[in-house]
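K.L.:
Output the structure for:
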Amino acid sequence: MNRNSHIRTHFDSRVILSFVAILLLSGIILAFRVNESEPCQVEQIKVQASAYKVGEIITFSDYTENAHEWKWDFGDGNEASFRSKVVHQYKEPGKYLVNLWVNKNCNITKLLDIKPAEDIIDSTLLPRFYAPKIAYVNEPVSFIDSTSHAKSWEWRFGEGEKIDAIDKNPSYTYKTTGEKTVSLFVNDDIKYVSFHKVTVLPAKKENTPISRAEIMRETSTSVVNDFLDRIPEAPASELNEKQATTVNKSKKPEETIEVPELDEDKLAGLIAGIAEDKLSFYNFTRFFCKDHLPSVQMDEKVVSLHYLNNSIRGKKIKIKSVSMVRNKENNCISLIIVDYKRKGLF
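P.N.:
Numbering: from 1, shown residues only. I've put the predicted structure just below:
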């Protein structure tokens, strides 16, 4: 009997199942790799912006079909974003390379050129201040700020580049003649700065009247008229005689100036007396330092005391407010600020 006829072939079913499982897994992996290797379908990055400037909100969008995952890098070092539509702001001008990854393996870029932002000046934020049109060498000049939102001040009075004062209402003494440009900016915001021209004349000479010819040599016609309005009402010779008599009687040093007592309520009453034609201009000037008559700010302009007298005398007016500024050196009133309105139609 042939013994080989009794040999039987045996296959284990578990081995067969293992081969089938491996085959299926290989197919799945292969299909996944084929899917991953599909070409990128992103055509371009959609960008919405009006001017591409610093601070502008820029919108980035992707509408790739079958996209389910996004990663945006805006090229400025900020954190990435992970949505199909995002917004971004650039803080500095320059060129930025924007990168977008879709479904991890698809990448596309776009170069943006961001321009500097244009400063938009709000005129309501500009400083507002008073400065005289005429000043004299070696004579203190008062400056008054009326900016409602100001919390800090930087004044330059036109004789150098340095900051001359940081007070709200400073005083300054010019050392040289000529036209000076006064500048002020507030709250440390250099964008908002206001300017004013001041013509500085030579120092006044005692007992020497200033002629019109001398004034004409120093400044323009418009400033001349303003200066002539501020010349004392009495002739210089008459004033000098009166001052000499006063000094001799009182035996006071020549530099001493008699400062009349006057507060704002009394000043308002005096102005009302002029309007009612009950107070003469001569008696009105007696309440101010001799040869140091103040200027007057009214109707948004600065005028002489004589101009105020002519403007309101015999007129029906209602005084809203009256304030005054005194010279820090001699305590004389240097500026009167009047706010009033006329009654009736005329």
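
K.L.:
So the residue nearest the centre of the chain versus Phe288, what's the distance?
P.N.:
For the chain, the residue whose C-alpha lies nearest the mean C-alpha position (Cα atoms, centre = their mean) is Tyr192; its distance is 2.5 Å. Distance of Tyr192 to Phe288, computed by Cβ to Cβ, to the nearest Å: 36 Å. To be clear about C-beta, it is placed using only N, CA and C from the backbone, and glycine gets the same treatment.

K.L.:
sorry, back to before: the residue nearest to the centre of the chain contacts Leu184, correct?
P.N.:
No. Between Tyr192 and Leu184 no contact is recorded; they are 9.6 Å apart, counting by Cβ atoms under 8 Å.

K.L.:
Please enumerate the shared neighbours of these two.
P.N.:
Taking Cβ atoms under 8 Å, 6 or more residues apart in numbering as the contact rule, Tyr192 and Leu184 both touch Pro127.

K.L.:
re earlier: what sits against the residue nearest to the centre of the chain?
P.N.:
Tyr192 touches Ile121, Asp122, Leu125, Leu126, Pro127, Phe185, Val186, counting by Cβ under 8 Å, 6+ apart.

K.L.:
Retrieve the pLDDT associated with it.
P.N.:
Model confidence at Tyr192, expressed as pLDDT, equals 85.

K.L.:
ok, now Ala244?
P.N.:
The predicted local distance difference test score for Ala244 is 45.

K.L.:
again with Thr147
P.N.:
93.

K.L.:
now the one 5 residues further on
P.N.:
Predicted confidence (pLDDT) at Ser152: the value is 92.

K.L.:
ok, it to Asp189 distance?
P.N.:
As judged by Cβ to Cβ, Ser152 and Asp189 stand 10 Å apart.

K.L.:
intersection of neighbour lists for the two?
P.N.:
Between them, Ser152 and Asp189 share no neighbouring residue, with contact defined by Cβ under 8 Å, 6+ apart.

K.L.:
pretty sure Tyr326 contacts Ile336?
P.N.:
I think there's a mix-up here, since residue 326 is Arg and not Tyr. No. In terms of Cβ under 8 Å, Arg326 does not count as a neighbour of Ile336; the distance is 10.7 Å.

K.L.:
Which of those two has more residues huddled nearby?
P.N.:
Ile336 (21 against 16; other Cβ atoms under 10 Å).

K.L.:
and the more buried one, what are its bridge partners?
P.N.:
With DSSP bridges as the criterion, Ile336 is bridged to Val296, Met324.

K.L.:
now, which of the contacts of Tyr192 lie within strands?
P.N.:
Per DSSP state E, strands hold the following members of the contacts of Tyr192: Phe185, Val186.

K.L.:
I'd guessed Pro202 sits against Gly178; true?
P.N.:
No. Under the criterion of Cβ under 8 Å, Pro202 lies out of contact with Gly178, with a separation of 10.4 Å.

K.L.:
Nearest residue to Lys151 in space, please, no chain neighbours.
P.N.:
Asn187 (5.6 Å; Cβ to Cβ, 6 or more residues apart in numbering).

K.L.:
ok, that neighbour to Ile121 distance?
P.N.:
Distance from Asn187 to Ile121, by Cβ to Cβ: 14 Å.

K.L.:
Give me the more crowded residue out of the two.
P.N.:
Legend: neighbour count by other Cβ under 10 Å for Asn187 and Ile121, higher for Asn187 (14 against 10).

K.L.:
Quick one: residues contacting the more buried one.
P.N.:
By Cβ under 8 Å, 6+ apart, the residues touching Asn187 are His149, Ala150, Lys151, Ser152.

K.L.:
can you put the contacts of Tyr192 in TSV and add distance to Tyr90?
P.N.:
Conversion of the contacts of Tyr192 to TSV gives the following (distance: Cβ to Cβ, whole Å):
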residue	distance to Tyr90
Ile121	23
Asp122	23
Leu125	25
Leu126	29
Pro127	31
Phe185	28
Val186	30
